[in-house]
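Asker: can't give you the sequence, but here's the structure:
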């Protein structure tokens, strides 16, 4: 057996790999933009083809929750998180920031931490809310009296 007998003839022409009708990157950018979504609420990430967690990619089998900040994809679809990946609500983030600042200043007791939250207005004060409502009602009554007196 010689070398010439082992060498095959001309090679068949290469065939290009099979291609989907629309590449994924083009499909994502082909999604029409919803101009009703304000720019500051638009997600910088590409929208997935199916609803899934924007952080870990967990699919719809798990419970998905909308972004607490209200962010949306350019198409207008909500940005979704699974429960473990979901960021805390803004009120929790605010309280966390206030508590961290109070701890840096030396607050260690629960009372000092609660006072820091009360000073920033994070805590709900029922008496303050009632006082505000009473003042608003009194102002509305005074405005009505003034209008009646003017007529």
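Answerer: Perfect, thanks for sending it. Remember, it's a predicted structure, so these values are computed and weren't measured experimentally.
Asker: hey, let's count contacts and neighbours off CA atoms from now on
Answerer: OK.
Asker: So what's the model's average confidence on the biggest helix by length in the chain?
Answerer: In the chain, with assignment by DSSP state H, the single longest helix is helix 126-150. Here helix 126-150 scores 90 as its mean pLDDT.
Asker: How many residues are close by residue 53?
Answerer: 25 (other Cα atoms under 10 Å).
Asker: Tell me who's in contact with it.
Answerer: With contact set as Cα atoms under 8 Å, 6 or more residues apart in numbering, residue 53 has these partners: 59, 64, 79, 80, 81, 82, 85.
Asker: between the residues you listed, which is nearest residue 112?
Answerer: Nearest to residue 112, judged by Cα to Cα, of the contacts of residue 53 is residue 85 at 31.0 Å.
Asker: Do I have it right that residue 122 meets residue 95?
Answerer: Yes. Look at residue 122 against residue 95 with Cα atoms under 8 Å: they come within range, at 6.8 Å.
Asker: All good on my end, thank you.
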